[in-house]
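J.: next come a sequence and a model predicted from it.
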Amino acid sequence: MHYTLKSNQGDLLDSSEGKTPLAYIQGGGNIIPGLEKQLEGKKVGDKVSAVVEPAEGYGERHDGLVHVVSKNGFQGEEELVEGMQVQVETNNGVSIAQVTKIQGEDVTLDLNHPLAGMTLHFDVEITAVREATKDELEHGHVHGPGGHQH
Ligand code: ZN
């Protein structure tokens with residue numbers, strides 16, 4: 001599928017324009033549930049406008065995932081700037097966090113998904129539909145253009 005993703009405010013968040021169409025396995029949990037549900041049974045050439053609430057998208061934002069840490073913990077790494085993404089060790093392994101604020105020695109890290117808490121507006125065009133192969137079903141993802149290359 002080709003897709004365009006916009007926020008409630010109409011800001012462009014993501015798009016497949018100019019890229020290979022995204023390939024996924026319907027029912028495989030490859031894409032967010034709210035979108036997958038609205039694409040069920042669609043055919044080649046179908047155009048779908050789907051609105052997805054946070055609960056069926058990337059979840060709600062959690063204030064508990066925002067942490068203020070000391071700059072000292074980042075010594076030896078590249079210089080921190082607001083807006084950059086960093087890898088951090090959490091109790092659940094390595095996560096991606098966004099540096100949302102730097103004030104003196106205090107660095108605010110936000111571990112929420114960047115699209116958490118947002119109502120998402122998708123415009124989707126189905127460009128191809130085919131049966132998944134046995135290998136793809138075993139791996140849980142599509143192989144070839146728009147999918148995994150291996
Ligand atoms: Zn695979």
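T.: Received the coordinates, thanks. On a predicted model such as this, the values are computed, not experimentally measured, just so you know.
J.: tell me how far the lowest-mean-pLDDT helix or strand in the chain lies from the chain's centre.
T.: The least trusted helix or strand in the chain, going by mean pLDDT, DSSP states H and E, turns out to be strand 85-90, with a mean of 88. Chain-centre distance of strand 85-90: 17 Å, with C-alpha atoms, centre = their mean, to the nearest Å.
J.: can you list contacts of it?
T.: For strand 85-90, contacts defined as C-beta atoms under 8 Å, 6 or more residues apart in numbering pick out Phe74, Glu77, Leu80, Val94, Ser95, Ile96, Ala97, Gln98, Val99, Leu109, Leu111. For the C-beta atoms, the positions are set from N, CA and C on the backbone; glycine is no exception.
J.: just stretch 5-22 next, same as before
T.: Residues outside stretch 5-22 that contact it (C-beta under 8 Å, 6+ apart) are 1-4, 31, 115, 118-123, 127-128, 145-146.
J.: out of these, list just those in helices.
T.: Among those, the subset assigned to helices under DSSP state H is empty.
J.: contacts with the ion among those residues, please.
T.: Among these, none lies close to the ion by the criterion of C-beta under 5 Å from the ion.
J.: most proximal residue of this structure with respect to the ion?
T.: His139 (3.2 Å; C-beta to the ion).
J.: ok, the closest residue in space to that residue that isn't next to it in sequence - contacts?
T.: The shortest distance from His139 to any non-neighbouring residue, by C-beta to C-beta, 6 or more residues apart in numbering, is to His148 (7.2 Å). His148 sits next to His139, His141, Val142 when contact means C-beta under 8 Å, 6+ apart.
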